[in-house]
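**Q** just a sequence and a predicted model for now, questions to come.
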Amino acid sequence: MRSAWILGVALWAPGFRDAAAWLSGAQERSVVAPPAEVLPPMLRRRASFLARLTGEVAAQAAREARADLAAVPVVFGSAHGEVATAVEMMRSFREGEGLPSPTRFHNSVHNAAAAYLSIAAGSHGFSTAIAAGKETPAAALVEAGALLAERGGEVLVVLADEPAPEPFTAAADHPPAGLALLLSAEPRAGARARLSGLRRTAGVSPEVPGALGRHPCSGAFALVAAVAGGVRGAVPIAPGWIVEVDQP
Amino acid sequence: MGAGTSRAAYPVTAFTVGNALGARTEDVLAALRASRSGLAPCRLDLPFDTSCGAFPGPLDPVPAPLSSHDSRLARLALAVLDGAFASAVERAARRWGRDRLAIVLGTSTGGILESERAFDAHARSGALPPDYDFERQHAFFALVEVVRARTGAGGPAYVVSTACSSSGKVLGAARRLLAAGVADAVLAGGADTLCQTTLRGFASLEALSRRPCRPFGAERDGTSIGEGAAFLLVERAGDGPARLLGVGESSDAHHMSHPHPEGLGARLAMAEALRQAGLEPALVDHVNAHGTGTRANDGVEARAIAEIFGRAVPVASTKGYTGHLLGAAGATEAVFAIFALEHGFVPESLGAAPLDPEVGIDVCLERRAGRFRAVLSNSFGFGGSNVSVLLGAPA
């Protein structure tokens, strides 16, 4: 990965409305669902939780970076994607005529969250949805870094996962949470940090305290904490992966 | 789009494909040549009748030490990732170094078939089956872990899952990883299995035909679903049957499951692939269409193809052979595009006759021989995710 500058950082988790709230540890009981005002009401009503979470963090990051969501390429990363919708579908196979609702079916695809965002923003450009288990944050930065190398400009990285519902909860039991990074190929006044040197390194693992430590994208939360904390140097962002962080 | 987009054309040095037409590449090629469909009445336990393209024969379980990764998806992927292709990957790993070999795979459903079975077992007995493993079977990344272990690749490895465009977009990722210097060789491909989720899901949209699907045909009334896998090895340099000239990726920004009525996203993807290749539309000799066989999709795609290429370019949909392979469609049809370059034929667009007069493009109603130098393959998915893959004959 060549250098990428972080122009915007956004985060949503239960109790935490944004990155600043999460970093300060000031939990609010009233924060239980991402507002996702970027999605028009009709779209928001049909959107899955993950799509609303994605809309929320994408809009927060774009606001800070003054980026245009209609124009910026999107890399959405999630280990398990729309797992709640997928399991709801399985339940519907055992009821009535054995068919899911059409909305639930099209909401079950891994790129649904990125698609709702592109529809809301009117973006006809690049959008992708990837998955790489606990390596998802690293894979998303690989894809984003290659996009920046190819096209220059900016790219929005969203990382989000929800827990698996019953009967699969034991396999993915973590808070529904996500974050977004607005990255630029060029330095810009007000950039939060510079990322470079993304690479595989055996034996490293990100450390995130609390329930988010079990989140498949925990390394991305570790990166947000490192950037805010003024850390310089190698930060583990996934098992076996580091990225170098520089402060401007 | 960025002015810095590279015009490099990377060689596809090896490929392999398996689906309802056969487990081996040569079986698939022979069926396409002979206009022989792999679609048959679907044997899954479903509350409706439909045709589908099942992978032939029993599949070997995933061997130790990966037996906990055993799933139909992994079995199918390993069956297709056969000896000759695996040897080519091994050669690439030795040439460039294992850490310079990346894996990017497309799948729309991952191992959800195993979770459907586990969900049913739990509903009946109150317990998940003892050999069920969410992380190693259901999760998208399980497919990559199996292929990573089989090949020893040490570079970046991930899944692209954008519904029916997934394994076309992996070729876009491959191109970018090579251009950015992240990797020197990329194992790109896709795999998907038949499962309740997609069959019942498409039925809920009233998008499934009872009979084998008939893309572009006057009598088309829905698609057929299939299962299969295809893998392509794309390298920084080398000799092979084709070159990856461009991969256009776009979004409809219109609706989750209906295409843009004017085919805007489809046109953007095709135009971007041409732009990357630096190729005039007139130099494209054949389009392998997405062509699912639903009333709406084929009409919109035909119009978009005509707007970019005119009405004379030979077009075929191969969904009438394999069914719609969803997350494996893009890579499979990229291989079919290479067949056209390598063996000089466009397959008969099965089911298209009698042709829908409103389609207005040159759909191949019989196999057409010729010299094909550049071939485009379209894949369009839910959420308005579009990809057009442009492949050319060796320089």
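**A** Noted; the coordinates are in hand. These numbers were taken from a predicted model, which means no experiment stands behind them. Numbers count the residues shown, from 1 in each chain, chains lettered A, B, ... in the order given.

**Q** specify the local secondary structure of the residue positioned nearest the centre of chain A.
**A** Nearest to the mean C-alpha position of chain A, by C-alpha atoms, centre = their mean, lies residue A:159 at 1.8 Å. What DSSP: H, G, I helix; E, B strand; the rest coil gives for residue A:159 is strand.

**Q** give the contact list for it.
**A** By C-beta atoms under 8 Å, 6 or more residues apart in numbering or on different chains, the contact list for residue A:159 reads A:77-78, A:136-137, A:140, A:178-180, A:217, A:220. Using the backbone N, CA and C atoms, a C-beta is placed for each residue, glycine as well.

**Q** and if you look at residue B:183?
**A** Applying C-beta under 8 Å, 6+ apart, we find residue B:183 in contact with B:96, B:100-102, B:155-156, B:177.

**Q** could you do residue B:95 as well?
**A** B:184-185.

**Q** still on that earlier bit, same list (the contacts of residue B:183) but as JSON lines, adding neighbour count, distance to chain A and pLDDT.
**A** Below are those laid out as JSON lines (neighbours: other C-beta atoms under 10 Å in any protein chain shown; distance: C-beta to the nearest C-beta, whole Å; pLDDT from 0 to 100):
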{"residue": "B:96", "neighbour count": "18", "distance to chain A": "15", "pLDDT": "98"}
{"residue": "B:100", "neighbour count": "21", "distance to chain A": "11", "pLDDT": "98"}
{"residue": "B:101", "neighbour count": "28", "distance to chain A": "12", "pLDDT": "98"}
{"residue": "B:102", "neighbour count": "24", "distance to chain A": "8", "pLDDT": "98"}
{"residue": "B:155", "neighbour count": "24", "distance to chain A": "8", "pLDDT": "97"}
{"residue": "B:156", "neighbour count": "28", "distance to chain A": "4", "pLDDT": "98"}
{"residue": "B:177", "neighbour count": "27", "distance to chain A": "5", "pLDDT": "98"}
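
**Q** of those residues, which is the nearest to residue A:68?
**A** residue B:177 (26.7 Å; C-beta to C-beta).

**Q** what about that closest one, helix or strand, and which?
**A** In this assignment (DSSP states H and E), residue B:177 forms part of helix B:166-179.

**Q** direction included, what does the next helix or strand after that helix pair against?
**A** Per DSSP H and E, the first helix or strand lying C-terminal to helix B:166-179 is strand B:185-192. Paired strands of strand B:185-192, with direction, are strand B:101-106 (parallel), strand B:228-235 (antiparallel) (DSSP bridges).

**Q** for the first one, the distance to its chain's centre please.
**A** Read it as strand B:101-106. 14 Å (C-alpha atoms, centre = their mean, to the nearest Å).

**Q** okay, now residue 119: neighbour count?
**A** Just going to use chain A. 22 (other C-beta atoms under 10 Å in any protein chain shown).

**Q** you answered for a different chain; I wanted chain B.
**A** Residue B:119, neighbours per other C-beta under 10 Å, totals 24.

**Q** hang on, the earlier thing: switch the contacts of residue B:183 over to a markdown table; also include distance to residue B:204.
**A** Conversion of the contacts of residue B:183 to a markdown table gives the following (distance: C-beta to C-beta, whole Å):
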| residue | distance to residue B:204 |
| --- | --- |
| B:96 | 46 |
| B:100 | 44 |
| B:101 | 41 |
| B:102 | 37 |
| B:155 | 39 |
| B:156 | 36 |
| B:177 | 37 |
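
**Q** report the two of those residues separated the most.
**A** B:96 and B:156 (13.6 Å).

**Q** hey, where'd the helices end up in chain A?
**A** A:19-24, A:41-46, A:49-65, A:83-93, A:102-107, A:112-121, A:136-151, A:218-228 (DSSP state H).

**Q** can you redo those helices as a markdown table with mean pLDDT and distance to residue B:370?
**A** As requested, the helices of chain A are exported to a markdown table (pLDDT from 0 to 100; distance: least, C-beta to C-beta, whole Å):
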| stretch | mean pLDDT | distance to residue B:370 |
| --- | --- | --- |
| helix A:19-24 | 97 | 58 |
| helix A:41-46 | 96 | 46 |
| helix A:49-65 | 98 | 46 |
| helix A:83-93 | 98 | 44 |
| helix A:102-107 | 97 | 39 |
| helix A:112-121 | 98 | 38 |
| helix A:136-151 | 97 | 34 |
| helix A:218-228 | 96 | 50 |
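
**Q** right, so of those helices, which gets closest to residue B:86?
**A** helix A:136-151 (23.3 Å).

**Q** briefly note if the closest one comes near chain B.
**A** Yes: for a cut-off given as C-beta under 8 Å from any C-beta of the partner chain, helix A:136-151 has contacts with chain B, namely A:136, A:138-139, A:142-143, A:145-147, A:149-151.

**Q** hmm, back to that, excluding sequence neighbours, find me the nearest residue to the residue nearest to the centre of chain A.
**A** In space, and not counting its chain neighbours, residue A:159 is closest to residue A:217: 4.2 Å by C-beta to C-beta, 6 or more residues apart in numbering or on different chains.

**Q** the one you found: neighbour count?
**A** 30.

**Q** residue A:170 now?
**A** The burial count for residue A:170: 10, using other C-beta under 10 Å.

**Q** for the residue nearest to the centre of chain A, give the beta-bridge partners.
**A** residue A:77, residue A:179.

**Q** same check, this time on residue B:363
**A** Under the criterion used (DSSP bridges), residue B:363 bridges to residue B:315.

**Q** make sure it is actually in contact with residue B:220.
**A** No: contact criterion C-beta atoms under 8 Å: residue B:363 and residue B:220 do not qualify, at 11.4 Å.

**Q** low-confidence stretches in chain B?
**A** The model of chain B has pLDDT under 70 over residues B:1-7.

**Q** helices of that one, residue ranges please.
**A** B:25-33, B:72-80, B:83-96, B:112-125, B:141-151, B:166-179, B:196-204, B:264-277, B:295-309, B:319-322, B:329-343.

**Q** now those helices in TSV, please, with extra columns for distance to residue A:18.
**A** Compiled in TSV, the helices of chain B are given as follows (distance: least, C-beta to C-beta, whole Å):
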stretch	distance to residue A:18
helix B:25-33	52
helix B:72-80	38
helix B:83-96	43
helix B:112-125	33
helix B:141-151	29
helix B:166-179	31
helix B:196-204	35
helix B:264-277	32
helix B:295-309	40
helix B:319-322	46
helix B:329-343	37
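
**Q** quick one, which of those is nearest to residue B:39?
**A** helix B:319-322 (7.1 Å).

**Q** which elements pack onto the closest one?
**A** Helices and strands touching helix B:319-322, by 3 or more C-beta pairs under 8 Å, 6 or more residues apart in numbering or on different chains; DSSP states H and E: there are none.

**Q** which parts of that helix are buried?
**A** B:319-322 (16 or more other C-beta atoms under 10 Å in any protein chain shown).

**Q** then stretch B:289-304?
**A** B:289-294, B:297-304.

**Q** now stretch A:61-74
**A** A:61-62, A:64-65, A:67, A:69, A:72-74.

**Q** returning to what we had before: I'd say the residue nearest to residue A:159 and residue A:135 touch.
**A** No: Residue A:217 is beyond contact range of residue A:135, at 9.9 Å (criterion: C-beta under 8 Å).

**Q** distance from the chain centre to the helix holding residue B:177, please.
**A** Offset of helix B:166-179 from its chain centre (C-alpha atoms, centre = their mean): 13 Å.
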